[in-house]
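Student: predicted model and sequence below, questions to follow.
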Amino acid sequence: MKKLFAIVVVVIVACALIVAGCSSAAPATTAPPKTAAPSTTAAPTSAPPAPAAITLNFNTQTPGPGQKANYDTDEWIVKEMAARTSGRVKIQMFYNNGLASGTDGINATINGVTDINETVVGYYAGQFPLMSAAELPVGYPSSFAIANAANDYFNKYPQVQAEFSKVKLLYFAAPPAFVVGTSKVEIKTNTDAKGLTIRTHAGSKPIAEALGATAKIAPITETYEMISKGTVDGLIVAPEAFHGFKFDEVCKYMYDVSSVTSTSCSIIIMNKDSLAKLQPQDQQALVDVMKIALGARAVEWDKENTTGRDNFLKLPGRTFNTPSAADVAALKAAMKAPIDAWVQKANEKGAPGAEMLQYLQDRITYWSTQPLPTAPWVK
């Protein structure tokens with residue numbers, strides 16, 4: 001019994017030693033210290049940069065401050081667009097056709113040389129056959145009436161709008177009633193102009209021809225030099241332009257032809273790609289600003305016409321002559337042919353010429369009775 005007990009003890013001890021040996025054979029492993037997970041909080045981000053301001057080049061035949069009504073309008077447009085767009089749209093003016101000549105204005109705008117351009121329908125004989133109704137020599141009462149009537153006429157007839165399909169039309173402008181200004185020959189009656197060469201645009205060409213003169217179509221910005229060199233003897237233009245373009249330096253005489261005044265229908269147009277670059281709200285701002293400019297500029301232009309004539313007559317040796325009733329009647333009779341010719345050409349193009357002309361004249365009558373706006377830049 002004692003022997004058996006001794007064997008059991010030996011076996012237990014041996015097993016204990018074996019287990020202990022196994023336990024010490026593999027070193028204890030220590031779990032690596034836990035590290036804090038990286039923070040998932042996003043770093044603060046700055047607001048995206050505001051888009052750069054867009055600068056639009058505006059080419060115009062306005063010579064500068066000397067043509068006050070137009071210059072004040074353009075400068076107001078610059079400031080008003082900057083204010084309404086919070087500086088997103090800036091307009092840089094190029095006066096006196098600083099980027100493109102008057103006769104290159106359409107192509108310069110289409111090709112992006114200018115973003116916005118003011119030129120005259122009458123510089124492009126045959127290119128705007130239906131819009132040229134606004135330049136027919138029917139005698140216009142005011143700049144305000146014809147500018148607004150021209151805008152209505154454009155909006156009513158898709159055939160007219162099609163003539164401007166390559167550009168965006170912003171607004172129309174039209175100078176006040178015309179005179180014939182001459183440098184050396186004083187015109188007192190219609191016959192006194194016979195043999196002279198007179199600068200005109202397409203719309204006033206029939207007036208010069210009715211007086212027996214030769215008409216020479218040329219941009220107004222080139223006319224001072226033409227008169228100075230004797231290339232032409234004078235021009236047909238509104239009195240308000242005499243000081244700004246310095247015609248009062250080279251012309252001594254005015255002859256009133258307001259009874260048959262045509263107008264130089266100015267068009268303020270824009271490159272379509274330039275317009276598309278503007279944000280929608282800025283496009284609308286431009287449309288709104290130009291709409292205000294249309295009426296306000298016309299009112300101020302009419303005022304300047306009276307001022308221009310009065311200032312001209314203050315210069316030494318200057319005269320203003322009014323035709324007799326017989327001469328007025330003769331001029332009006334002579335205008336029937338070009339007016340009828342326009343109606344016929346419109347009909348040949350499939351347009352209702354007589355209806356269109358009557359609508360234009362009706363709108364002129366309407367706008368002649370409307371209250372005049374106050375230019376926002378006039379204090």
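Tutor: Perfect, I can see it now.
Student: only C-alpha atoms from now on, for both contacts and neighbour counts.
Tutor: Will do.
Student: so residue 125 is in contact with residue 202, correct?
Tutor: Yes: counting by C-alpha atoms under 8 Å, residue 202 is a contact partner of residue 125 at 6.1 Å.
Student: need phi/psi at residue 284.
Tutor: Dihedral pair for residue 284: phi -70, psi -40, per degrees, to the nearest 10.
Student: measure how buried it is and give me the count.
Tutor: By other C-alpha atoms under 10 Å, the residues close to residue 284 number 12.
Student: ok, back up a step: neighbour count winner among residue 125 and residue 202?
Tutor: residue 202 (23 against 13).
Student: ok, the nearest residue in space to that one that is not next to it in sequence - contacts?
Tutor: Nearest residue to residue 202, sequence neighbours excluded (C-alpha to C-alpha, 6 or more residues apart in numbering): residue 122, at 4.5 Å. Residue 122 is in contact with 132, 135, 201, 202, 203, 264, 265, counting by C-alpha atoms under 8 Å, 6 or more residues apart in numbering.
Student: against residue 118, how distant is the last one?
Tutor: According to C-alpha to C-alpha, to the nearest Å, residue 265 and residue 118 sit 10 Å apart.
Student: same deal with the second one?
Tutor: Plainly put, residue 135 is 16 Å away from residue 118 if you go by C-alpha to C-alpha.
Student: is residue 237 in a bridge, and if so with what?
Tutor: residue 179 (DSSP bridges).
Student: might one say that it is in contact with residue 180?
Tutor: Yes: counting by C-alpha under 8 Å, residue 180 is a contact partner of residue 237 at 6.6 Å.
Student: what are the ranges of the helices in this structure?
Tutor: 2-25, 68-84, 105-110, 143-156, 158-162, 205-210, 223-228, 241-244, 247-250, 272-276, 280-313, 325-348, 353-367 (DSSP state H).
Student: packing partners for the last one?
Tutor: Yep, that's helix 353-367 we're talking about. helix 143-156, helix 325-348 (3 or more C-alpha pairs under 8 Å, 6 or more residues apart in numbering; DSSP states H and E).
Student: list of residues touching it?
Tutor: With contact meaning C-alpha under 8 Å, 6+ apart, helix 353-367 is reached by 133-134, 140, 144-146, 148-150, 152-153, 342-347.
Student: nearest residue to the spatially most central residue of the chain other than its sequence neighbours?
Tutor: For the chain, the residue sitting closest to the mean C-alpha position, by C-alpha atoms, centre = their mean, is residue 268 at 3.3 Å. Nearest residue to residue 268, sequence neighbours excluded (C-alpha to C-alpha, 6+ apart): residue 118, at 4.4 Å.
Student: separation between the one you found and residue 112?
Tutor: 14 Å.
Student: about what we covered before: kindly indicate which of the contacts of residue 122 lies nearest residue 276.
Tutor: For those, the minimum distance to residue 276 (C-alpha to C-alpha) is 25.9 Å, reached by residue 265.
Student: the closest one contacts residue 135, doesn't it?
Tutor: Yes: counting by C-alpha under 8 Å, residue 265 does reach residue 135; the two are 6.1 Å apart.
Student: buried residues in stretch 365-372?
Tutor: Across stretch 365-372, burial judged by 16 or more other C-alpha atoms under 10 Å covers 365, 367, 368.
Student: quick check: end-to-end length of that stretch?
Tutor: Start-to-end, stretch 365-372 (C-alpha to C-alpha) is 14 Å.
Student: now it: average pLDDT?
Tutor: Mean pLDDT, computed over stretch 365-372, is 94.
Student: quick one: low-confidence ranges for the stretch 151-300 of the chain?
Tutor: Counting by pLDDT under 70, the stretch 151-300 of the chain contains no low-confidence segment.
Student: that older thread, out of the contacts of helix 353-367, which are buried?
Tutor: Going by neighbour count (16+ other C-alpha under 10 Å), these have 133-134, 140, 144-146, 148-150, 153, 342-343, 346 buried.
Student: quick check: residue 116 touching residue 271?
Tutor: Yes: Residue 116 lies in contact with residue 271 (C-alpha under 8 Å); the separation is 6.5 Å.
Student: alright, calling it a day.
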